[in-house]
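> build me a model from this:
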Amino acid sequence: MYMVKSGNIKVLIVEDHPLYSRGLSSLIGKMSGYCVIGEAVDIADAMKIAEKEKPHLATVDINLGEDNGINLIPRLKAMFPEIVILVVSQYDERYYSERILRQGARGYIMKTATSNNVQEAIKTVMGGKIYLSENERDRIFEAVTGETSRGAKDWAMSLRKLSDREIQVFSMIGKGFGTIEIATKFGLSTKTIDTHKEHIKLKLHCTTSQELRQMAIEWVNNSGPFQ
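The predicted model follows:
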């Protein structure tokens, strides 16, 4: 954890929507001891600003145009091992919270959260703790312990079985891309993509490719892309 003096917590905002970026910047600017030192719209921009300004905290969106904000997390951590990263996204935390924590982020908060909750999230992660919504903390507890009060099969529980590459392939399927297009996108062979598809089908208990495609379309429409 960074040791910083009061008033010296430097924050980098990584967000490709100017209106939300300005709003978040204004909100953080009202917090005692925090100052925004830069607003980046993509990974390249974020790395350039971070190298120059050496932020203590970075708020990162998942959807950065053509970039995936999750890919930024390990790059920032490699440059500054002690940087604190909070993901602020419109996408349902059920599908991403565990993944961003594994990459090195300290918390996840959705853009639908109140201003007070956003400030609470920032203070929590800067205090050395993990921030997730109460519902997500309960959900992760259920995933670890197998205990659940809901009983019904949960999308998030099923998708946690997929690797990051399988999630990427699943997302591309949901957006209508075929095997050749997905292989080109990731620089892999079509045989490798077909293998990923078979693994996904097994993990999600799909019996046909059509069933897999319909499930992927539903997921993309309800959770957002994982590029």
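
> my guess is residue 196 contacts residue 171. True?
No. With contact defined as C-beta atoms under 8 Å, residue 196 does not reach residue 171; the gap is 11.7 Å. In short, each C-beta sits where N, CA and C put it, glycine included.

> what residues go with each domain of this protein?
Listed domain ranges for the chain are 9-137, 161-223 (source: automatic domain parsing).

> rank those by pLDDT, which is bottom?
Among these, domain 161-223 has the lowest mean pLDDT, at a mean of 86.

> so which residues of the chain form strands?
Taking DSSP state E as the test, the strands found in the chain are 9-14, 34-40, 57-60, 63-64, 67-68, 84-89, 107-110.

> residue 187 is nearest to which of the ones you listed?
strand 67-68 (15.4 Å; C-beta to C-beta).

> elements contacting that closest one?
Of the remaining helices and strands, none touches strand 67-68 by 3 or more C-beta pairs under 8 Å, 6 or more residues apart in numbering; DSSP states H and E.

> so in that sheet, which strands flank that strand, and in what orientation?
Paired neighbours of strand 67-68 in the sheet (DSSP bridges): strand 63-64 (antiparallel).

> just name the most buried of the domains of the chain.
Greatest average neighbour count among the domains of the chain goes to domain 9-137 (a mean of 18), per mean count of other C-beta atoms under 10 Å.

> what's the distance between that one and the middle of its chain?
Mean-position distance between domain 9-137 and its chain equals 10 Å (C-alpha atoms, centre = their mean, to the nearest Å).

> repeat for stretch 129-139
With C-alpha atoms, centre = their mean, you get 14 Å for stretch 129-139.

> can you list the neighbours in contact with it?
Applying C-beta atoms under 8 Å, 6 or more residues apart in numbering, the set of residues contacting stretch 129-139 from outside is 86, 93-94, 97, 101, 106-110, 113, 120-121, 124-125, 140, 154, 156.

> how does it look with 6 Å?
If you take C-beta atoms under 6 Å, 6 or more residues apart in numbering as the criterion, stretch 129-139 is touched by 93, 97, 106-108, 121, 124-125.

> could you dump those into JSON lines with distance to residue 78 added?
Converted to JSON lines, the contacts of stretch 129-139 look like this (distance: C-beta to C-beta, whole Å):
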{"residue": "93", "distance to residue 78": "25"}
{"residue": "97", "distance to residue 78": "22"}
{"residue": "106", "distance to residue 78": "16"}
{"residue": "107", "distance to residue 78": "19"}
{"residue": "108", "distance to residue 78": "20"}
{"residue": "121", "distance to residue 78": "24"}
{"residue": "124", "distance to residue 78": "24"}
{"residue": "125", "distance to residue 78": "19"}
